[in-house]
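S.K.: Kindly return the folded structure for what I paste below:
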Amino acid sequence: MRSVQLRARRMRGMTLVELMVGMTLGLFLVAGIGSVFVATGDAGRTTENLSRLQETARTAFSMMSRDIREAGLNDCGRVDKVMNVLGTAATPPPAWAAWNEGIRGFDAGQDAGNPVSGTGVGQRVATEDALQLMKGSSLGVSIVQTVVGAGATTPAALWVTDTSQFQPGDIAIACDATLATIFQITNTNPAGGNLQVVHNTGSSVSPGNCTKGLGFSANPRDCSTNGVSYSFKPNSRVLRFESIAWYVGNNGRAATGGTSLFRMRIGNTAGAAAPVGDELLEGVSGLEIDYLVDGATQYVDATTVTAANDWGDVIAVRIHLSLTSTALEANASGGAERMQREFFHVVTLRNRVS
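M.R.: Presented below is the predicted three-dimensional model:
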C-alpha cells in the first residue's frame, strides 16, 4: 500500500500592511455610509419642513378666504344705511365694531386699534399688515314685531322666533331691506308667548347701548335715551355681529421662530364684549395684503384705499404670506437656518362680484 505523508504548514497571519489597507478601506466604507445617512436625514428634514410650510399655507388661505368672502354679509343683503348704537354719548363705538363697509385693511406701521401692536404675546407685529372684517352670523332669527312702548317711550325689545343662540352681552345686528343697526343685547326673556331680545341702555353690559332707539341718525348720532325709534317689520332679521381680524402676532416661542398667524374675534365674558386673539398657525412670519377696487386693474395697498374712501368698492383681496419653518436645517456653510417660502392667494368678496 502506498503511504501519503502530509507536511505540516506553519500558520501565517495578516501582515501589518494588509491590516492597514483593510482598515483604510473600512473607514472609507463607513464614511461613505455615514455621508449617505446624513444626506438622507437632511433631505428628509428639508422635505418635512417644506411639507409643513405648504400645509400651513393651505390651511391659512382656507380659513382666511372663508372670512373674506363673507365680509359685509348679513341676512338682509347690502343695506343702504348702517346704524351703530354701541358705546355712550361721550364714547364712540369701539374700533372693532366701527362698521366700515365690512372690510378695512391696515398697512405695516398703521394703528389698527385692535389688534394692538407690540412685543407681548398675542400682540400684532407692527411691521406686518392686518385685515379687519365684519359680518353677520350665518345663523339668524326672524323678528315677529318690535315691542311697542307706551306714549313717547321708545321700545327697547324685539320679539323674535328664537333666543337660544343669544345671551346678554352679545353684539347683534337687526336688519331689513333698508337699515341695519348694530347693538348690544342686554337681556333675553319670554313675554306673552313670544321671545324677546332686549336692547336697553344702562351699565349691565359693556360697551352698552347709548340709546334704546335703533333708527338711523347721521353724525353726530342721536344718543338720547329714546333716540330715533324704528319698527322692524315682521320677517326682518336679528343675528349675531361678528368682527374678525387677521394678523401676525408674537407667540412667545423664540426657539421656533417667535411668530404665528392670529385670528381676533369678539368674546363675551359675563356681559362684557371684548376682542380675543386666537393663535392658529405657527411659523407665519409675514403678512402683506393688497386690494382690488371695482373698475381698477391693479391691486393697491390699504393706505391707497383709505385715502380714496373706496372700502365699499373693494371686490378682491390678494394675500401674501411669508412662512418660516419652526425647525432648523443645515445650510451650505455648515450652519443652521430656517426654511422660508412665499405664498400668494386671491379671494373675491362674495356680495360684490356680479
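S.K.: can you pull out the helices in this protein?
M.R.: For the chain, the helices defined by DSSP state H occupy 16-69, 302-307.
S.K.: So which of those is nearest residue 323?
M.R.: Closest of these to residue 323 is helix 16-69, at 4.7 Å (criterion: C-beta to C-beta). (C-beta placed from N, C-alpha, C; glycine too.)
S.K.: how far is that closest one from where the chain is centred?
M.R.: Relative to the mean C-alpha coordinate of its chain, helix 16-69 is positioned 33 Å out (C-alpha atoms, centre = their mean, to the nearest Å).
S.K.: Stretch 282-290 too?
M.R.: Relative to the chain's own centre, stretch 282-290 is displaced by 11 Å; criterion: C-alpha atoms, centre = their mean.
S.K.: Next: stretch 212-219.
M.R.: A distance of 31 Å separates the centroid of the chain from that of stretch 212-219, by C-alpha atoms, centre = their mean.
S.K.: CA atoms only: put that stretch into CSV for me.
M.R.: Extracted C-alpha coordinates of stretch 212-219, given in CSV (Å, rounded to 0.1, in the frame of the first residue of the first chain):
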residue,chain,number,x,y,z
LYS,A,212,-82.8,102.5,23.1
GLY,A,213,-83.7,103.7,19.6
LEU,A,214,-82.5,101.6,16.7
GLY,A,215,-83.4,104.1,14.0
PHE,A,216,-80.8,105.8,11.8
SER,A,217,-79.3,109.2,12.7
ALA,A,218,-76.4,110.8,10.8
ASN,A,219,-73.3,112.1,12.6
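S.K.: quick one: average pLDDT of that stretch?
M.R.: For stretch 212-219, mean pLDDT is 90.
S.K.: residues making contact with it?
M.R.: By C-beta atoms under 8 Å, 6 or more residues apart in numbering, the residues outside stretch 212-219 that reach it are 81, 83, 85, 154-156, 174, 179, 181, 183, 199-201, 222, 224-230, 232.
S.K.: What are the buried residues along that stretch?
M.R.: Neighbour counts using 16 or more other C-beta atoms under 10 Å place 212-217 of stretch 212-219 among the buried residues.
S.K.: with the residues you listed in mind, which one is nearest to residue 206?
M.R.: Nearest to residue 206 among the buried residues of stretch 212-219, counting by C-beta to C-beta, is residue 212 at 17.0 Å.
S.K.: Once you drop chain neighbours, what's closest to that closest one?
M.R.: Of all residues not flanking residue 212 in the chain, residue 156 sits nearest, at 4.2 Å (C-beta to C-beta, 6 or more residues apart in numbering).
S.K.: surely the one you found meets residue 199?
M.R.: Yes: using C-beta atoms under 8 Å, residue 156 is in contact with residue 199, at 5.7 Å.
S.K.: where does the stretch 1-150 of the chain dip in pLDDT?
M.R.: Low-confidence segments of the stretch 1-150 of the chain (pLDDT under 70): 1-14, 18, 34-45, 147-150.
S.K.: Tell me the bridge partners for residue 160.
M.R.: Residue 160 forms beta bridges with residue 143, residue 195, as assigned by DSSP bridges.
S.K.: tell me the contacts of it?
M.R.: By C-beta under 8 Å, 6+ apart, the residues touching residue 160 are 141-144, 194-197, 238.
S.K.: Next one: it, what pLDDT does it get?
M.R.: Looking at residue 160, its pLDDT is 92.
S.K.: Run through the residues that contact the residue nearest the centre of the chain.
M.R.: Of all residues in the chain, the one closest to the mean position by C-alpha atoms, centre = their mean is residue 263, 2.9 Å from it. Contacts for residue 263 (C-beta under 8 Å, 6+ apart) come out as 63, 67, 244-246, 277-278, 280.
S.K.: List the buried residues for stretch 65-76?
M.R.: 65, 67-76.
S.K.: residues in contact with that stretch?
M.R.: So stretch 65-76 is contacted by 78, 101-103, 131, 133-136, 138, 140, 173, 175-177, 180, 236-237, 239, 244, 246, 263, 317, 345, 347-352 (C-beta under 8 Å, 6+ apart).
S.K.: Return the members of those residues classed as buried.
M.R.: By neighbour count, with 16+ other C-beta under 10 Å, these hold 101-103, 131, 133-136, 140, 173, 175-176, 180, 236-237, 239, 244, 246, 263, 317, 345, 347, 349, 351-352 as buried.
S.K.: Please narrow the residues you listed to those residing in strands.
M.R.: Mapping those onto strands (DSSP state E) picks out 103, 131, 133-136, 140, 173, 175, 180, 237, 239, 244, 246, 263, 317, 345, 347.
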